[in-house]
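Asker: coords please:
(chains A and B)
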Amino acid sequence: MAQGHGDAKGSTAHTEADGGHKAPFPPFQQETFASQLVSLAIAFVALYLIVSKIALPRVGGVIEERQKTVDGDLAAAQKLKGEADDALKAYEAELADARARAQAIGAETREKLNAQAEAERKTLEERLAAKLADAEKTIASTRTAAMGNVRNIASDAASAIVQQLAGVTPDSKAVDSAVDASLKG
Amino acid sequence: MAADPIHQFQITKLFTIGHIGGQEIAFTNSSTYMFGTVALIGILMLLPGRQLVPSRFQSIAELSYEFVANMIRSTAGKEGLKFFPLVFSLFMFIAVSNLIGIIPYTFTVSSHLIVTVALALLVFFTVLIYGLAKNGLKFFKLFVPSGVPIYILPLVVFIEVISFFLKPVSHSVRLFANMLAGHIALKVFASFVAMLGAVGVVGWFGAVLPLGLTIALTALELLVAFLQAYVFAILTCIYLNDAIHPGH
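Answerer: Numbers count the residues shown, from 1 in each chain, chains lettered A, B, ... in the order given. Here you go, the predicted model:
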């Protein structure tokens, strides 16, 4: 039993009881070395197999997968941002285009309306000028007619005046020529 | 027994597995903690989901993955990643077993020299075998720094060879001694609290100081537990870098 564990334990208990020779320092008790080495070898080999075959590939895979996902998401975000930028640019271009077109349409409409107003003004003026000319003509004819009436009235009046004053009926032709002469004069 | 600061390192047999050449192979309390550590790492790394946005539990697994992967990339380069499972296993095994060991009444696996020596030798032989297999005789350039004058070269090579063979020693003793010393200090201060508390009312006031120190030491040990795992892992990376890229 010199090589056994029970012996070491027993001797410890014994020395404490009677204070005899000192108990060996446990880390230097050579009879325990073989047991510890065997246990350590089994435990460490088991640990190494667990770690190398299962644990590390598993954890490493998770970390790698996460890295891949993060990279993928970042790339997708970058792509979407590019698309958004493009859309913004297209929108701005469209807006500028629309603004230019609106201005063109405005200018065109203004010109058309101006031309129309000008044309209307011209026709109106022409119509007015024609009416004016008609009126003038009417005035002239009326005046001529009126002037004719004046001669008749004047010759009648002159005949009547002469008859009253001289008691003779004047020659109508003479009267007419006299009236004409005075009217002309 | 409670005041014995060494008792926590005692290996106790739970049952016998068998005998190898007259040597009893037993399943001990240390074995329980070793397998418990492996089980806890398994739960930590395999149980969380595989969501795109990680839960907190999943984050622990991913953070430890990234932490060790970055450690290897920064010290041994991309080629070092073929040792990722080894470095990850070492780091997680030491870190988790150390952190378990801080819980009172538990056992710290790496407080036994034989465990740290075994892990350090594993790294040492990995470096030696991989270095020789990959680089052949060029591996020995490791011992011949370039740009050293010829008349002091023998001395430098001698020192380099010695330092190479001392690496597993420092590698293992650093972890072992840190865990051992930290746990002894914790136990000593904690037993002061118990001893003073047993004296009476005056002792209760006297116990405040060691109690505070125990709390502070526990915080420090928490840091040391993680830090020693980190140091062990990063030294592993540096030694592996020597094997991958010999010649300084």
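Asker: where does chain B have low pLDDT?
Answerer: Applying pLDDT under 70 to chain B flags the ranges B:1-3, B:247-248.
Asker: can you point me to the longest strand in it?
Answerer: Secondary structure of chain B per DSSP state E: the longest strand is strand B:13-20.
Asker: Go through that strand and flag the buried ones.
Answerer: Neighbour counts over strand B:13-20 (16 or more other C-beta atoms under 10 Å in any protein chain shown) mark B:13, B:17 as buried. Any C-beta I mention is one placed from the backbone N, CA and C, and that applies to glycine too.
Asker: Who does it pair with, and is each partner parallel or antiparallel?
Answerer: strand B:23-28 (antiparallel) (DSSP bridges).
Asker: can whatever helix or strand comes next after the partner strand be found next to chain A?
Answerer: Going down the chain from strand B:23-28, the next helix or strand is helix B:29-46, by DSSP states H and E. Yes. Counting by C-beta under 8 Å from any C-beta of the partner chain, chain A is contacted by helix B:29-46 at B:30-31, B:34-35, B:37-38, B:41-42, B:45-46.
Asker: which of those are buried?
Answerer: For these, buried by 16+ other C-beta under 10 Å: B:30-31, B:34-35, B:37-38, B:41-42, B:45.
Asker: measure the residue of chain B most remote from its centre to A:V179 for me?
Answerer: In chain B, B:V201 marks the outermost C-alpha relative to the chain mean, sitting 41.9 Å out by C-alpha atoms, centre = their mean. According to C-beta to C-beta, to the nearest Å, B:V201 stands 170 Å off from A:V179.
Asker: Quickly check: the longest helix along chain A near chain B or not.
Answerer: Assignment by DSSP state H gives helix A:56-166 as the longest helix of chain A. Yes. For a cut-off given as C-beta under 8 Å from any C-beta, helix A:56-166 has contacts with chain B, namely A:56, A:58-63, A:65-66, A:69.
Asker: Packing partners of that helix?
Answerer: helix A:172-184, helix B:29-46, helix B:56-76, helix B:84-102 (3 or more C-beta pairs under 8 Å, 6 or more residues apart in numbering or on different chains; DSSP states H and E).
Asker: buried residues in the first one?
Answerer: The neighbour-count check on helix A:172-184 (16+ other C-beta under 10 Å) flags A:175-176, A:179 as buried.
Asker: do the third one as well
Answerer: Neighbour counts using 16+ other C-beta under 10 Å place B:58, B:61-62, B:64-65, B:68-69, B:71-72, B:75-76 of helix B:56-76 among the buried residues.
Asker: Over stretch A:70-77, what's the mean pLDDT, rounded is fine.
Answerer: For stretch A:70-77, the mean per-residue pLDDT is 95.
Asker: coming back round to it: looking at the buried ones among the residues of helix B:29-46 next to chain A, spot the one nearest A:T109.
Answerer: In terms of C-beta to C-beta, no member of these lies closer to A:T109 than B:M45, at 79.6 Å.
Asker: Count the residues that sit near the closest residue to the closest one other than its chain neighbours.
Answerer: With C-beta to C-beta, 6 or more residues apart in numbering or on different chains as the criterion, B:M45 has its nearest non-adjacent residue at 3.7 Å, and that residue is A:A55. A:A55: 24 surrounding residues under other C-beta atoms under 10 Å in any protein chain shown.
Asker: ok, now A:L113?
Answerer: Using other C-beta under 10 Å, A:L113 has 10 neighbouring residues.
Asker: Could you pull up the contacting residues of B:T108?
Answerer: By C-beta atoms under 8 Å, 6 or more residues apart in numbering or on different chains, the contact list for B:T108 reads B:8-9, B:33, B:97-98, B:100-101, B:179, B:183.
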